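J.: Sequence and computational prediction follow.
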Amino acid sequence: MKALHLRGRGLPHEQPVEWWIVDGRLSAEPVAGAETIFGRHGYDGWILPGLVDAHCHVGIGPGGAVEFDEAIAQAETERDVGALLLRDCGSPVDTRSLDERDDLPRIIRAGRHLARPKRYLPGLPIDIEDESQLPEYVAQQARWGDGWVKLVGDWIDRSIGDLAPLWSDEVLKEAVDAAHAHGARVTAHVFGEDALPGLIKAGIDCIEHGTGLTDDTIELMVEHGTALVPTLINVENFPSIADRAVRYPTYAAHMRDLHERSYAQVSAAREAGVPVYAGTDAGGMIAHGRIADEVEALKRIGMSSTEALGAASWNARSWLGRPGLEHGAPADLICYDEDPRLGPEVLTRPSRVILRGRVFQRPRR
């Protein structure tokens, strides 16, 4: 494979950068005879690490699990908008064979959702009858996944007609400890308020959605170093979820209230020092390929355009333990003719998508 050459301005520092690609990896050392594929006329364009969708379900569609060909199409959609690293927060489809393909994003898997019977979307989780078995199942998923385990922290309990926690505090501590003993981190789906204290005190590493955050639980997250992936574009679906919950008026009212307070609470968490990363929750009610919209939504919680983009690129990569743009790293990067911080209309249309050193998209004429 012929060596490639790129130059432009990097982010977040906006300084001129120059990279060579040799055998699918980045080199800061010049390579004679390399073909310049970006920045032929100077440093006017922009170069940054591939985008990260930190909550992206490859293998799930609006109706639940999808066929394997559809899972591949989902991954291709993410690649084409520059999302080259996906943290798959639970999927019933075994996508591990996709790792053998060099044309698809890298996926960090959390295995299957872990839930109680009838306390999550049917067909997606492993249902655990006896909660005392949760640590055993967590250890199993930790061995199966790529360093993450996904719990369902709360869901509607139809016996009370509202959101309620799924697990006792005691079993949560055992479960999180079991994951950590296997070298895995734990995250949890949480909409409401009541499940948060037990999860955070148990040492959970991340909260998904977090619409029920309060001043007290934000303080706990700061104390424990818990991260937050708020999936803001999916939270916009809460009113329609409430509209369909006519049999459960308390739950419906609760979901509308959580929606109303969501941006203020996520903003308060960020201001308090909780690390916030970009994730779309693609695969269910959210179409794949919308990471640019989530970056835009993060600006509404007070993030600057650079900070919001970092939450979906260099900062997210660091959090997930994956390299950005550095000598010897895999050549997973994206290039833009215009500043990608200008908005979704630019961010979602990279001029170059380069994955493992292969160019997948040419400039639009």
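T.: That came through fine. Numbering: from 1, shown residues only.
J.: Stretch 160-175: end-to-end distance?
T.: With Cα to Cα, to the nearest Å as the measure, the ends of stretch 160-175 fall 26 Å from one another.
J.: actually stretch 341-360, not the one I wrote
T.: Distance across stretch 341-360, first residue to last, is 22 Å (Cα to Cα).
J.: So which bits of it are buried?
T.: 341, 343-344, 346-357, 360 (16 or more other Cβ atoms under 10 Å). (C-beta placed from N, C-alpha, C; glycine too.)
J.: Flag the least confident of those.
T.: Comparing pLDDT over the buried residues of stretch 341-360, the lowest score belongs to Phe360 (89).
J.: on that earlier part again, just name the closest of the buried residues of stretch 341-360 to Ala73, please.
T.: Phe360 (14.6 Å; Cβ to Cβ).
J.: Could you check how far the closest one is from Ser304?
T.: Distance of Phe360 to Ser304, given as Cβ to Cβ, to the nearest Å: 29 Å.
J.: cool, and Asp88?
T.: Asp88 is 28 Å from Ser304, by Cβ to Cβ.
J.: And the two? Which one has more around it.
T.: Counted by other Cβ atoms under 10 Å, Asp88 and Ser304 do not tie: Asp88 has more neighbours, with 29 against 12.
J.: Let me know whether that one touches Cys56 as I believe.
T.: Yes: between Asp88 and Cys56 there is a contact under Cβ atoms under 8 Å: 6.0 Å.
J.: can you pull out the helices in the stretch 201-350 of the chain?
T.: 215-224, 232-235, 238-244, 249-272, 291-298, 305-310, 314-319, 344-347 (DSSP state H, counting those that start in this stretch).
J.: Rounded mean pLDDT for the third one, please.
T.: It refers to helix 238-244. Rounded mean pLDDT across helix 238-244 is 98.
J.: which other helices and strands contact it?
T.: helix 249-272 (3 or more Cβ pairs under 8 Å, 6 or more residues apart in numbering; DSSP states H and E).
J.: Summarise which helices and strands the helix it packs on is packed against.
T.: On a contact count with 3+ Cβ pairs under 8 Å, 6+ apart, helix 249-272 meets strand 162-165, helix 215-224, helix 232-235, helix 238-244.
J.: 7 Å instead, please
T.: strand 162-165, helix 215-224, helix 238-244 (3 or more Cβ pairs under 7 Å, 6 or more residues apart in numbering; DSSP states H and E).
J.: Which pLDDT does the model give the most centrally placed residue in the chain?
T.: In the chain, the centroid-proximal residue (Cα atoms, centre = their mean) is Ala54; its distance is 1.1 Å. Listed pLDDT for Ala54 reads 98.
J.: now Gly284
T.: Reported pLDDT for Gly284: 88.
J.: I'd like the numbering to begin with 28 instead of 1 from here.
T.: Renumbered: residue one is now 28, and that last one reads Gly311.
J.: didn't it look like it was pressed against Val85?
T.: No: using Cβ atoms under 7 Å, Gly311 is not in contact with Val85; the gap is 12.0 Å.
J.: So these two - more neighbours on which side?
T.: Val85 (27 against 16).
J.: which SS class is that one?
T.: Classification of Val85 using DSSP: H, G, I helix; E, B strand; the rest coil returns coil.
J.: For the protein, which helix or strand comes out least confident on mean pLDDT?
T.: strand 385-388 (a mean of 86; mean pLDDT, DSSP states H and E).
J.: What are the contacting residues of it?
T.: Strand 385-388 is contacted by residues Ile64, Arg106, Asp107, Asp129, Asp130, Pro377, Arg379, Val380 when judged by Cβ atoms under 7 Å, 6 or more residues apart in numbering.
J.: which residues of the stretch 228-377 of the chain score low on pLDDT?
T.: For the stretch 228-377 of the chain, no stretch is flagged by pLDDT under 70.
J.: a markdown table for the helices of the stretch 228-377 of the chain, including distance to Leu223?
T.: Output for these, formatted as a markdown table (distance: least, Cβ to Cβ, whole Å):
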| stretch | distance to Leu223 |
| --- | --- |
| helix 242-251 | 4 |
| helix 259-262 | 16 |
| helix 265-271 | 17 |
| helix 276-299 | 11 |
| helix 318-325 | 21 |
| helix 332-337 | 24 |
| helix 341-346 | 20 |
| helix 371-374 | 31 |
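J.: Identify, out of these, the most deeply packed stretch.
T.: helix 318-325 (a mean of 25; mean count of other Cβ atoms under 10 Å).
J.: With just CA atoms, put that one into CSV.
T.: Below are the C-alpha coordinates for helix 318-325, written out as CSV (Å, rounded to 0.1, in the frame of the first residue of the first chain):
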residue,chain,number,x,y,z
ILE,A,318,-23.4,11.8,16.2
ALA,A,319,-23.1,15.3,14.8
ASP,A,320,-26.6,16.1,16.2
GLU,A,321,-25.5,14.9,19.6
VAL,A,322,-22.4,17.2,19.5
GLU,A,323,-24.7,20.1,18.6
ALA,A,324,-27.0,19.2,21.5
LEU,A,325,-24.1,19.3,24.0
